[in-house]
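Q: okay, predicted coordinates and the sequence, questions at the end:
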Amino acid sequence: ALMCRLGYCTDFYWGNHEGTDWGNWGVNWTYQDGTGASSPPGSADNAIFDVSVMDFTGGATMTRDETVNNLIFRNHYTESDGVKTGKSFSISVRGGLGSHNLNILGNLVKERGEYDASSSIKSGSADDQITVNVLGKDGESDSGNIVLGDSSNTGSYNGDLYLGGNSISSSLAKLTVAGNINLYWGGSLYLNVGQNSGTIENPDVVINGVINCNGSGGYNPRFGLQSCTDGNELNTVIQVGGAKGNGVMLTESGSKGSATLVFANAAGTSYEYNGYITSYSPDTKIKIVMNGEGTQILRPTWEPDLYFSFNGLEVRKGTMEIFSVASVGDIELTGGNLKIMGAYAQYSTDSSFSQKPPQLHGDNLIWTSGKISVSVGMDQDGNAQAAMLYLTGALMKGEGFTKAEFEFSGDVLFYLDEWIQIMSFESGAEDFDASDFVANTFNDEWGAKFKIDNNALYVMYTAIPEPAAVAALFGVLALGFALRRKRM
């Protein structure tokens, strides 16, 4: 049994006799020693779904709101005459009884187990939905998490957890996670949440913590953003407090609609994700939105030319640091800081890893406010090389545009009196001229100048005149004006 910090947590095991009603404790729940439970599991108890010890493996059906301490899926197989067979298991809502909440005060855990069988929590219909709340406990930082697998298991059997099944009728109403989502090795967590009503301000999924993808080599966990594969369109919005590690963020093959992933990283935090972001369905689009005060780094390293591309990037606030050699779709800059990065990466055409120059590829850039951070270094031939933004479309002004701000870094000597290209736009920048761009100075001595030429943007730094020189220049101009008036 698991111990609670404030007392003993009783383990309740599901599947004693035939039946599906979660609340029918005299039939379906037993204690660890096999005796029948005198009540269903409550807020101080662990609800354990261990298929290997179930007499009845047909699933559990909720008929009311339920609250437990930890909810644990374990050992998804049956055994007969020494032969083990994988067996999936699901929790759902009985039809005709309305929607219900499943509240988990500790953690939602999917143990690795011995077979690649899945677990799922899903709604019964659009009128009989489940809202899953992984709430955590005050003062207990190791609670309020979703955990799939563990750090000691490096592969072999995977096992997936589906939250919302894979149809529009089985999708969860909402998912709230107070802590983190911890994914280990080859397992997968697939989300199917919402009913096409989520927004960035009111998302379908709220994960206050971080998506921790603990993978390596060929064993990398999957985080499915949209898993509705029944032919219906589902548009879902997922807010997270950050992402880090190696994994695969995806929409499933056969899905339709969209998945919007909103990074709401807290002020003072910085997380780096090095895995894939890709849609396995041509009918599903992924959009990334930076909408927190902290920093999110997206720096894919393995074959990013094939597996890191999506259909929109928006920066509202905070800092988004990104490296991309495939298009991220339209880029919207309405605030915050968009920083273009390089990466030590291996393309699909490479035989080994190497340092790749800072770059970001997109379609159109719609710039309203916010800034773009660009570094300038030296290429292998000793020439100045800037972080580049490549657009297959146009550079455009958003509604309410004021100025397009850049922040340049690197040795100022790279910039001095030499035009350096920092952006290209195949469809032009008709809304812009050089006076629309501003940038930081270096030591208050060197200031930026811009020019647009042949569908490209260039920058050069020149010396800022000393105040005395400026005053003298104004004096000369004033004297010339006075002499001209005297002649008149």
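A: Arrived safely, thanks for sending. Computed from a prediction, not measured in an experiment: that's the story for all the values here.

Q: could you measure from residue 364 over to residue 431?
A: As for residue 364, its distance to residue 431 is 11 Å (criterion: Cβ to Cβ, to the nearest Å). Where you see a C-beta, it was placed from the backbone N, CA and C, and this is true even at glycine.

Q: ok, residue 420 next?
A: 23 Å.

Q: what about the two, which has more around it?
A: residue 420 (18 against 14; other Cβ atoms under 10 Å).

Q: hang on, residue 267 packs against residue 294?
A: Yes. In this structure, residue 267 is within contact of residue 294 by Cβ atoms under 8 Å, at 5.7 Å.

Q: in the sheet, who's paired with residue 85?
A: residue 78 (DSSP bridges).

Q: just to check, it is in contact with residue 77?
A: Yes. Residue 85 is within contact range of residue 77, at 6.1 Å (criterion: Cβ under 8 Å).

Q: can you check which residues contact both of these two?
A: Common neighbours of residue 85 and residue 77, counting by Cβ atoms under 8 Å, 6 or more residues apart in numbering, are residue 115.

Q: quick one on the thing from earlier: mutual contacts of residue 364 and residue 431, please.
A: Common neighbours of residue 364 and residue 431 (Cβ under 8 Å, 6+ apart) are 395-396.

Q: which element, helix or strand, includes the spatially closest residue to residue 228 that is not a sequence neighbour?
A: Distances taken as Cβ to Cβ, 6 or more residues apart in numbering put residue 234 closest to residue 228, at 3.9 Å, once the chain neighbours are dropped. If you go by DSSP states H and E, residue 234 is part of strand 233-240.

Q: same check on residue 27?
A: Element membership for residue 27, per DSSP H and E: helix 25-28.

Q: distance between that helix and the chain's centre?
A: Distance of helix 25-28 from its chain centroid, counting by Cα atoms, centre = their mean, to the nearest Å, is 41 Å.

Q: SS state for residue 424?
A: strand (DSSP: H, G, I helix; E, B strand; the rest coil).

Q: in space, what's closest to residue 224 - neighbours in sequence excluded?
A: residue 190 (3.4 Å).

Q: please tell me how far the one you found sits from residue 208.
A: In terms of Cβ to Cβ, residue 190 sits 20 Å off from residue 208.

Q: those two: which is more packed in?
A: residue 190 (24 against 17).

Q: so where's the stretch 301-450 of the chain uncertain?
A: Low-confidence segments of the stretch 301-450 of the chain, defined by pLDDT under 70: none present.

Q: check which helix or strand covers residue 290.
A: Residue-wise, residue 290 maps onto strand 284-298 under DSSP H and E.

Q: please identify the buried residues of that strand?
A: Neighbour-count burial for strand 284-298 flags 284-292, 294-298 (criterion: 16 or more other Cβ atoms under 10 Å).

Q: over to stretch 197-209?
A: Those would be 198, 203-209, for stretch 197-209 by 16+ other Cβ under 10 Å.

Q: before we move on, what about stretch 456-468?
A: Quick answer for stretch 456-468 (16+ other Cβ under 10 Å): 456-461.

Q: inside strands: which ones of the residues you listed?
A: Using DSSP state E, 456-461 are the members of the buried residues of stretch 456-468 that sit in strands.
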